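Novice: no sequence on this one, just coordinates:
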C-alpha cells in the first residue's frame, strides 16, 4: 500500500467513526503511517496533517497571525530561534483550495467542521479574498452537529466550538443560525452541567446573557438565571454534623455571574444576598486548620465585596482579615540561608574599597552596594528556567502584623514585581558586608559626620540650607541612634529628589483639596522618566525598592506612617538609608 492509500485509509476510518474524537488524533494517526523521511514532505500528507494540528481559539495570538486557528506548538531553543508547528507559511492558496474540496468529500461533522473552519479563517489572509458565506453556514452547521451528538467525550472542547459557532453566526448576521446556536448552547449546558465542575456550566450566561449581539427572550434569560441560582444554593450548602464541607470555588463562579447580572438590573439586595452565600461557603462552609488558609479565604471574599461596592461587608471582612493576620505571624517560620565567601576574595574586596582617599572609598562603596538591574534580570531568567513552578505562582507579601501589602504575580505577567522582590533580597543579604564596610571606613578613613557632610556638600543637588538638618541625622547615625537617623534622613532624601526633579523642569505639584496644590509623592517622582534619566534606571529602581514600593523595603512609607518602632527597627535599615543619601552626593549639574 503506497503512502496515498495509507492516508485515505486513515481519513476513511475517522470519517466513518460514530463516536467522538479529537482533531489531533487524526494528525497523530497520519504521523504514525510515515515509513521514511521522504514521505514527510508529501504535499497531500502535509495538508492533512496541518489541518488537524492547528489549535482552536488562538486568543493569545503571540505570533500576530490574526486568525482563530493558531499553532499547536511554539518552541524557542534558547538561542534566538523560534520554531512554529504548523507554520502559517505552509498554508498556501492551493492548500486552501484543497480544504474546500475536502469539505464536500468528508462526511463526519468533526472533519467537515475543521476543513470549513480553516477555509473560513485563512482564505482572506492567504488568498486575499473573502470565502463564500456558504462556507460559514457549513462550518456553523457541523459545529452544532458535533454538540448534538450523544457521545461527547470532551465537553469543554465542544463548548469552545459552540462559542465559535455563535461568533461566526453573528459575523454573517444570520438570525436563523444565531437562534439555532442559542438553543444548542442552552441544551448542551443542561446535558453536561455538574455542580462541582464550573467549566461545564455558566457558559450559557457568558455567551448569551452577557452578549449584547444576541437577543434572548425573557423566558430564556430567566431560565439561565434560575439554573445559576440553583447551582449557587447547592454549592453554598454544607452539613456541619457530618462535616461535609462544600468546595467554595463553584459557589464563587455562580455568585460572580449572578452578582454581575443583578448589578445590571440595579438590584443591590440581590447582589448582597448572592455574595453573602459565597462568603458563607468560604468562611462557614469549610474548616481552616491554619491562619494562612483562612487569610486566603478572607482575601477572596474581601475582593468580591469590594468589586461590587458592598462597603459595609467589605469593611467587616477587612477587620477580620486584620485579626487573622496577627495569628498568621505566629505560624510563619524563619528561613535561614548561609553564604560562604572565601577570605581572599573578601580581603581583595576591602583592599579595593579602602584604596585612595575617603572620597574615592565612598564612591567605590556606593557602586559596590548598588543593585544592578541588568544582573537582577539575568538572574531571574536563569532561576525561572531552573525552578519554573516557583515563578509561575503568585506570592503574597505581608508585613510584620500579617497584613498583605502586595502580591507578585508570575514572572511572565510581573517582571517588575520580581525585580523589586529580588532586589529586596539582595539588600538583605548584603547588609552584613555593608555594615563591615562602614566600620572599616570609620576606623581607617575617619568616616564621620563632618567628613560625610563634606562629601555631600560637593553635590549640586544638596543646598547648604539643608546641611544643618542632614548633620543632625548623621550625628544620630554615627552615634548608633538609628531610628532617629532614619526619621531625619529619609524626608531629606525625598526633598532632595523633589528639588532635583523641579530644577530639571519636572512637575512636582498636583491638584489638591480646597482648590490648592499638593506635592507629588516620592513614588510618583521615582516613576517620572525625567528623574530616571537623571539618576539612571538602577538608582531609581534602588530608591523605589528601598523607600516606596510595598514589594520591597518600603522604608519611606513605613517611617512616615509610624509603622517602624524601635523594637523592630534594625541597624540595617539605617545603613541603607545612609547609603542612599551618599548616592545623592554624586549628583552634579551638567553644562546644559
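Specialist: Perfect, thanks for sending it. Nothing here was measured: the structure is a model prediction, and the numbers come from that model. Numbering: from 1, shown residues only.
Novice: what is the end-to-end distance of stretch 140-155?
Specialist: Chord length of stretch 140-155, first to last residue, is 17 Å (C-alpha to C-alpha, to the nearest Å).
Novice: now that stretch: buried residues?
Specialist: Going by neighbour count (16 or more other C-beta atoms under 10 Å), the buried part of stretch 140-155 is 140-147, 152, 155. For the C-beta atoms, the positions are set from N, CA and C on the backbone; glycine is no exception.
Novice: now do the SS call for residue 551.
Specialist: coil (DSSP: H, G, I helix; E, B strand; the rest coil).
Novice: mind listing what it touches?
Specialist: Going by C-beta atoms under 8 Å, 6 or more residues apart in numbering, residue 551 touches 397, 405-406, 408, 417, 420-421, 424, 545.
Novice: now the helices for the stretch 301-450 of the chain?
Specialist: Under the criterion DSSP state H, counting those that start in this stretch, the stretch 301-450 of the chain contains helices at 311-331, 343-354, 358-368, 373-386, 415-429, 431-444, 449-457.
Novice: ok, the stretch 1-150 of the chain next?
Specialist: 3-15, 23-32, 43-51, 93-105, 109-122, 133-148.
Novice: could you dump those to CSV with distance to residue 351 and mean pLDDT?
Specialist: Output for the helices of the stretch 1-150 of the chain, formatted as CSV (distance: least, C-beta to C-beta, whole Å; pLDDT from 0 to 100):
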stretch, distance to residue 351, mean pLDDT
helix 3-15, 73, 91
helix 23-32, 64, 92
helix 43-51, 65, 91
helix 93-105, 69, 95
helix 109-122, 67, 96
helix 133-148, 74, 95
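Novice: worst-scoring helix or strand of the chain, pLDDT-wise?
Specialist: strand 395-398 (a mean of 69; mean pLDDT, DSSP states H and E).
Novice: state the distance from residue 423 to residue 194.
Specialist: 46 Å (C-beta to C-beta, to the nearest Å).
Novice: and residue 114, how far from residue 560?
Specialist: 62 Å.
Novice: swap that for residue 129, please
Specialist: 65 Å.
Novice: higher neighbour count, these two?
Specialist: residue 560 (14 against 10; other C-beta atoms under 10 Å).
Novice: list the contacts of that one.
Specialist: So residue 560 contacts 490-491 (C-beta under 8 Å, 6+ apart).
Novice: who has more neighbours out of residue 423 and residue 194?
Specialist: With neighbours defined as other C-beta under 10 Å, residue 423 and residue 194 compare such that residue 423 has more, 23 against 12.
Novice: centroid-nearest residue for this protein?
Specialist: The structure's the chain has its C-alpha centroid closest to residue 413; by C-alpha atoms, centre = their mean the separation is 3.7 Å.
Novice: contact partners for residue 224?
Specialist: Going by C-beta under 8 Å, 6+ apart, the list of residues near residue 224 reads 186, 204-205, 208-209, 216.
Novice: how about it: what's its closest non-neighbour residue?
Specialist: residue 204 (5.0 Å; C-beta to C-beta, 6 or more residues apart in numbering).
Novice: contact partners for that neighbour?
Specialist: Contacts of residue 204 (C-beta under 8 Å, 6+ apart): 185-186, 189, 224, 227.
Novice: the same query, at a cut-off of 7 Å, please.
Specialist: 185-186, 189, 224 (C-beta atoms under 7 Å, 6 or more residues apart in numbering).
Novice: of the residues you listed, which is the most crowded?
Specialist: residue 185 (24 neighbours).
Novice: and the host helix or strand of it, what does it pack against?
Specialist: Element membership for residue 185, per DSSP states H and E: helix 175-192. If contacts are counted by 3 or more C-beta pairs under 7 Å, 6 or more residues apart in numbering; DSSP states H and E, helix 175-192 sits against helix 133-148, helix 155-171, helix 203-204.
Novice: 10 Å - rerun?
Specialist: helix 133-148, helix 155-171, helix 203-204, helix 218-236 (3 or more C-beta pairs under 10 Å, 6 or more residues apart in numbering; DSSP states H and E).
Novice: closest one to residue 482 among those?
Specialist: Set against residue 482 and scored by C-beta to C-beta, the helices and strands packed on helix 175-192 come closest in helix 218-236, at 52.2 Å.
Novice: low-confidence stretches in the stretch 351-500 of the chain?
Specialist: Counting by pLDDT under 70, the ranges of the stretch 351-500 of the chain that qualify are 396, 398-405.
Novice: go with 90
Specialist: 351-356, 381, 383-414, 416-418, 425, 428-432, 460, 463, 482-483 (pLDDT under 90).
Novice: equivalent analysis for the stretch 201-350 of the chain, please.
Specialist: 235-248, 281-300, 317-350.
Novice: dump the helices of the stretch 301-450 of the chain into TSV; add distance to residue 220 as well.
Specialist: Shown next, in TSV, are the helices of the stretch 301-450 of the chain (distance: least, C-beta to C-beta, whole Å):
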stretch	distance to residue 220
helix 311-331	32
helix 343-354	74
helix 358-368	69
helix 373-386	47
helix 415-429	44
helix 431-444	65
helix 449-457	73
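Novice: residue 101 is nearest to which of those?
Specialist: Among the helices of the stretch 301-450 of the chain, the nearest to residue 101 by C-beta to C-beta is helix 373-386 (45.7 Å).
Novice: for stretch 459-477, how far is the first residue from the last?
Specialist: Using C-alpha to C-alpha, first and last residues of stretch 459-477 are 20 Å apart.
Novice: buried set for that stretch?
Specialist: Buried residues in stretch 459-477 (16+ other C-beta under 10 Å): 459, 461-462, 470-477.
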